[in-house]
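Engineer: I'd like to go over a predicted model; first the sequence, then the structure.
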Amino acid sequence: MSLRAELVRLGVRWMMKRRGRYNTVEQMRRHCVAAEMWIPQSPAGTVTKVLDLGGIKAERVSTLMSRRDRNVLYLHGGGYTSGSFGCYRHLTWRVAAATRAPVLIVDYRLAPEHPFPAAVEDAVSAYRWLLADGADPRQLAIVGDSAGGGLAFATVLKLRDEGVALPAAIVAVSPWTDLALTGESLRRHARSDPMMNSENIATLALCYLAGADPRTPFASPFYGDLTAFPSTLIQVGSDEVLLDDAVRMADKLRAGGNHAELEIWPRMPHVWHLFAPLLPEAHKAIKRIGTFVRDRFDASASGS
């Protein structure tokens, strides 16, 4: 682990775990808006286009390395209550470069104004929009982080049940897959996780579910039938309160006969990829995502 990573852990702990700092949806949203001011500019050659997908706002990001015959659908985190493509502009171009594909990131509707299943509906609509736009599902991947990681699995569950052709790959970073909050790491890592508070996660779950059963598979994909899923890569930090959400999801995917790779990165904070301007580990993790997705695309193209 790099010295920079240790310093980031200390800084994140001071910022995120100060009592009362990010305990409400309004506080989280204000933090997201403020963070956009510090997002570095994308490099030369990056093309960003804002789109309207039938009422759903989205942004398509391409780099000089992005191939037009390949696509990535990105679903951002934020506990289903905050987040936007503006907060992710320093990450989406990196994912586009690593996967060598344009990245479509969606501003799906947020709770509490739009509780479950609004996020799933919007993610499915965005995927269908990509198909209608000419995307080949065999050259399409869904990538998501945190709540967006769980949403990626929920989206594939919904698509499979609707008989829609599935993507070639799923990548989930620090995914939140169990809104019933049964993972032991929520308690075991409550103090060691430098970013996430278990109490806040419980509040976000109530906010998003709005009375729905937390074990509903489209809200908590861990409880779904995970057979016939695409190849999956899951990355998670070793000290995260959501570690068990990742580990148990990978185990269940494998039990369902799927190819699932789980990477537990020592001492990395929640979705450390967002610290790419600072962390060498973030660059390595994004590079690994790119390799995984490109390998799946190549395998689909060759029919293997």
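Structural biologist: On my side now, so go ahead. Predicted model only: the values in this text are computed from it and were never measured. Residues are numbered from 1 along each chain as shown.
Engineer: chain center to the longest helix along the chain: distance?
Structural biologist: Ranked by number of residues, the top helix in the chain under DSSP state H is helix 280-302. Helix 280-302 has its C-alpha centroid displaced from the chain centroid by 15 Å (C-alpha atoms, centre = their mean, to the nearest Å).
Engineer: For it, name the packing helices and strands.
Structural biologist: Judged by 3 or more C-beta pairs under 8 Å, 6 or more residues apart in numbering; DSSP states H and E, helix 280-302 is in contact with helix 3-16, helix 89-99, strand 140-145, strand 169-173, strand 231-237, strand 260-265. Glycine gets a C-beta too; all of them are placed from N, C-alpha and C.
Engineer: now do 6 Å
Structural biologist: Helix 280-302 sits against helix 89-99, strand 169-173, strand 231-237, with contacts defined as 3 or more C-beta pairs under 6 Å, 6 or more residues apart in numbering; DSSP states H and E.
Engineer: what mean pLDDT does the shortest one have?
Structural biologist: Summarised as a single mean, pLDDT over strand 169-173 is 98.
Engineer: strand partners of it, parallel vs antiparallel please.
Structural biologist: Looking at strand 169-173 with DSSP bridges, its partner strands are strand 140-145 (parallel), strand 231-237 (parallel).
Engineer: Let me know the next secondary structure element after that strand.
Structural biologist: Note on strand 169-173: by DSSP states H and E, the next helix or strand toward the C-terminus is helix 185-188.
Engineer: buried stuff in that next one?
Structural biologist: Across helix 185-188, burial judged by 16 or more other C-beta atoms under 10 Å covers S185, L186.
Engineer: What of stretch 188-197?
Structural biologist: Buried residues in stretch 188-197, counted by 16+ other C-beta under 10 Å: H189, D193, P194, M195, M196, N197.
Engineer: surely G45 meets M65?
Structural biologist: No: counting by C-beta atoms under 6 Å, G45 sits too far from M65 to count as a contact (8.7 Å).
Engineer: quick one: which of the helices and strands packed on helix 280-302 is nearest V124?
Structural biologist: strand 169-173 (14.2 Å; C-beta to C-beta).
Engineer: angle of the closest one against helix 89-99?
Structural biologist: 140 degrees (axes from the mean of the first three to the mean of the last three C-alpha atoms, to 10 degrees).
Engineer: on that earlier part again, I'd like the buried residues of stretch 188-197 laid out as JSON lines, including secondary structure.
Structural biologist: Putting the buried residues of stretch 188-197 into JSON lines (DSSP: H, G, I helix; E, B strand; the rest coil) gives the following:
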{"residue": "H189", "secondary structure": "coil"}
{"residue": "D193", "secondary structure": "coil"}
{"residue": "P194", "secondary structure": "coil"}
{"residue": "M195", "secondary structure": "coil"}
{"residue": "M196", "secondary structure": "coil"}
{"residue": "N197", "secondary structure": "coil"}
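Engineer: just the strands paired with strand 169-173: most buried one?
Structural biologist: Of the strands paired with strand 169-173, the one with the most neighbours on average (mean count of other C-beta atoms under 10 Å) is strand 140-145, at a mean of 28.
Engineer: contacts for the helix or strand following that one?
Structural biologist: Using DSSP H and E, the helix or strand that follows strand 140-145 towards the C-terminus is helix 147-161. If you take C-beta atoms under 6 Å, 6 or more residues apart in numbering as the criterion, helix 147-161 is touched by 75-77, 79-80, 119-120, 123-124, 142, 144, 166, 170, 172-173, 175-177, 217-218, 221, 224.
Engineer: got the CA coordinates for helix 147-161 in CSV?
Structural biologist: Extracted as CSV, the C-alpha positions of helix 147-161 are listed here (Å, rounded to 0.1, in the frame of the first residue of the first chain):
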residue,chain,number,x,y,z
ALA,A,147,-25.2,1.6,-4.8
GLY,A,148,-24.5,1.7,-8.6
GLY,A,149,-22.8,-1.7,-8.2
GLY,A,150,-25.8,-3.2,-6.7
LEU,A,151,-27.9,-1.4,-9.3
ALA,A,152,-25.8,-3.0,-12.1
PHE,A,153,-26.7,-6.5,-10.8
ALA,A,154,-30.4,-5.5,-10.3
THR,A,155,-30.5,-4.2,-13.9
VAL,A,156,-29.2,-7.4,-15.3
LEU,A,157,-31.7,-9.4,-13.2
LYS,A,158,-34.5,-7.2,-14.7
LEU,A,159,-33.2,-7.5,-18.2
ARG,A,160,-32.9,-11.3,-18.0
ASP,A,161,-36.4,-11.6,-16.6
